[in-house]
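>>> dropping a prediction and its sequence here:
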Amino acid sequence: MSDEGANDPLPRMSKEKGEKWAKHWADSMVATAHARLDPKTARPTASFTDCVGRNNEVADDGRFTLRYSVRGTLPRADHAAAVTAIKDTLKKKGFEIQTFVVNEDEEPANVVDARHPEDRQFVSVGSVDKDLLVFIVVTPCLLPPGVDQQQF
């Protein structure tokens with residue numbers, strides 16, 4: 001929600017479908033990185049929050065944003081190549097790269113942040129530990145199906 005286009009129709013998706021969609025994106029990035037999801041370290045997490053507008057307005061119509069994350073195991077020596085491969089794939093899919101850093105040994109090491117200008121989803125991949133990358137997907141503001149969109 002924002003002053004400009006605040007009442008534009010929001011994309012519609014249930015929380016369940018949104019989580020499946022975000023998981024699909026994260027799994028795709030894990031595959032591109034050639035990482036593996038180890039049940040001991042993956043810790044998939046989905047958190048739903050209310051959409052907050054530019055002027056801190058919050059609607060009562062059930063709209064939400066989802067942040068999904070999972071950790072993939074990959075040797076640290078392969079993180080830079082993995083992040084680069086993901087960046088290249090995201091660019092081909094129309095994402096705008098907001099941050100791209102590759103460092104073998106320094107912090108912050110091996111990060112790519114990107115946002116899709118039309119679909120407005122945000123994705124991020126970064127080194128979080130010696131042999132771990134975190135894969136994050138954040139949806140745009142979504143409205144559950146069958147709900148009337150509140151106007152501002």
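Perfect, I can see it now. Numbers count the residues shown, from 1 in each chain.
>>> just confirm Met13 contacts Val147, I think it does.
No: with contacts counted by C-beta atoms under 8 Å, Met13 stays clear of Val147, the gap being 11.2 Å. Every residue, glycine included, has its C-beta placed from N, CA and C.
>>> please identify which of those two sits among more neighbours.
Counted by other C-beta atoms under 10 Å, Met13 and Val147 do not tie: Met13 has more neighbours, with 19 against 13.
>>> for the longest helix seen in the chain, which positions count as buried?
When the chain is parsed with DSSP state H, its longest helix is helix 15-33. Using 16 or more other C-beta atoms under 10 Å as the test for burial, helix 15-33 gives 18-19, 21-22, 25-30, 32-33.
>>> determine which two of the residues you listed are furthest apart.
Gly18 and Ala33 (22.8 Å; C-beta to C-beta).
>>> what packs against the strand of greatest length in the chain?
As assigned by DSSP state E, the longest strand anywhere in the chain is strand 64-73. Applying 3 or more C-beta pairs under 8 Å, 6 or more residues apart in numbering; DSSP states H and E, one finds that strand 64-73 makes contact with helix 15-33, strand 45-50, strand 132-138.
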